[in-house]
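S.K.: Let me see the structure of the following:
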Amino acid sequence: KEEAPPGIIVLNEVDKLAFIHREERDFFGTKMQQELIGWMEGDRIQLTSYSHGNKTEEWIDSRNILFIMTGAFSGTKDLALESIISKRLGINQRTIGFGAQEHNSESPVLEHCQPEDLITYGLMPELVGRIPFHGLLGPLTIDDKVKILTDAKQSILEQYVTLFKLRGLNLAVQPAALRRIAEECPEETGARALRSICGKLFTEILYEPEVFARGDTITIDNGLATELLTKSSLHCQEGEAEL
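M.R.: Numbers count the residues shown, from 1 in each chain. Modelled structure (predicted):
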């Protein structure tokens, strides 16, 4: 109810608004970028919502709102942000003399991102100028994925624990088995694949819990996790072969 309440707005996949992937500037992406420029200048934003057929309009002052923009900024060949930065730095090119720039091969190329690279990628200079800080998020480690499984609120593992409790069973997953699950998760998908991997692991147990239970407890160790995940992968391959 304040005149300019503080808040945070996270805009994911903002790279999809870039027009580098098309021969001509995409009208929708260009229009949305122009809209965001107005929001970040401390403009009044009109929010429209619908509930049970009723339309409600509300205005918000964006002066005290922190805007966070995220995106993969990927692409094919020379269109990816990483390729744009590499070209500017002269990586994998024979550049000598005063124009050459040093690059530590051990540091990620994206760490050297400059505003000009984002503009080359396809974001408007006016929009890039309103993003004062740039940060690079690295890929999740195995330990990160294990922490997501065990510590995240309402994690997929917590959901399975609750599901087995409804059947009168306790589910205990040993640390080595947690790492086995995390290792199955491809680096490219982040933590998204943890749900499908847990599905592969627990499907057979859900169908025949009495086979795996010792009393009222089902214990998943590294050996059992490896066995069930391998069996699930073989079934998928057989299904693809039949198709």
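S.K.: Spatially central residue in this structure, please.
M.R.: Computing the C-alpha centroid of the chain and ranking residues by C-alpha atoms, centre = their mean puts Gly190 first, at 6.0 Å.
S.K.: gap between the one helix or strand Asp144 maps to and the chain center?
M.R.: Secondary-structure assignment from DSSP states H and E places Asp144 in helix 142-151. Centroid separation for helix 142-151 versus its chain: 15 Å, with C-alpha atoms, centre = their mean, to the nearest Å.
S.K.: That helix - what's its average pLDDT?
M.R.: This predicted structure assigns helix 142-151 an average pLDDT of 94.
S.K.: Give me the contact list for that helix.
M.R.: Applying C-beta atoms under 8 Å, 6 or more residues apart in numbering, the external contacts of helix 142-151 come out as 140, 155-157, 175, 178-179, 181-183, 185, 191, 194. Quick note: C-beta positions are derived from backbone N, CA and C, even for glycine.
S.K.: after it, next one along is what?
M.R.: Once helix 142-151 ends, the next helix or strand along the chain (criterion: DSSP H and E) is helix 156-166.
S.K.: Give me the angle between that next one and helix 142-151.
M.R.: Interaxial angle, helix 156-166 versus helix 142-151 (axes from the mean of the first three to the mean of the last three C-alpha atoms, to 10 degrees): 30 degrees.
S.K.: Can you list the neighbours in contact with helix 156-166?
M.R.: Residues external to helix 156-166 that are found in contact with it (C-beta under 8 Å, 6+ apart): 149-150, 152, 170-171, 173, 178, 194-195, 198, 202, 206, 209, 218.
S.K.: Kindly indicate whether Lys55 is helix, strand or coil.
M.R.: strand (DSSP: H, G, I helix; E, B strand; the rest coil).
S.K.: Just confirm Glu41 contacts Arg130, I think it does.
M.R.: Yes. The criterion here is C-beta atoms under 8 Å, and Glu41 meets it with Arg130 at 7.3 Å.
S.K.: Tell me which of the two has more neighbours.
M.R.: Set Glu41 next to Arg130 and count neighbours by other C-beta atoms under 10 Å: Arg130 wins out with 15 against 11.
S.K.: what sits against the nearest residue to the more buried one once chain neighbours are set aside?
M.R.: By the measure of C-beta to C-beta, 6 or more residues apart in numbering, the closest residue to Arg130 outside its immediate chain neighbours is Met40, 4.4 Å from it. Contacts were defined as C-beta under 8 Å, 6+ apart; by that measure Met40 touches 62, 67, 127, 130.
S.K.: Relative to Pro115, how far out is the second one?
M.R.: By that I understand Phe67. According to C-beta to C-beta, to the nearest Å, Phe67 and Pro115 sit 16 Å apart.
S.K.: ok, now the last one?
M.R.: Using C-beta to C-beta, we find Arg130 at a distance of 11 Å from Pro115.
S.K.: low-scoring stretches of this protein, by residue?
M.R.: For the chain, the stretches with pLDDT under 70 are 1-4, 19-27, 92-107, 233-243.
S.K.: 80 instead, please
M.R.: Where the chain drops to pLDDT under 80, the residues are 1-5, 19-28, 42-44, 47, 75-78, 92-107, 188-189, 232-243.
S.K.: The chain: strands as residue ranges?
M.R.: Shown for the chain, the strands assigned by DSSP state E span residues 7-11, 44-51, 54-61, 65-69, 170-173, 213-214, 217-220.
S.K.: want to try JSON lines for the ones you listed, with mean neighbour count and distance to Thr30 as columns?
M.R.: Putting the strands of the chain into JSON lines (neighbours: other C-beta atoms under 10 Å; distance: least, C-beta to C-beta, whole Å) gives the following:
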{"stretch": "strand 7-11", "mean neighbour count": "12", "distance to Thr30": "16"}
{"stretch": "strand 44-51", "mean neighbour count": "10", "distance to Thr30": "19"}
{"stretch": "strand 54-61", "mean neighbour count": "10", "distance to Thr30": "24"}
{"stretch": "strand 65-69", "mean neighbour count": "15", "distance to Thr30": "16"}
{"stretch": "strand 170-173", "mean neighbour count": "18", "distance to Thr30": "49"}
{"stretch": "strand 213-214", "mean neighbour count": "12", "distance to Thr30": "59"}
{"stretch": "strand 217-220", "mean neighbour count": "17", "distance to Thr30": "51"}
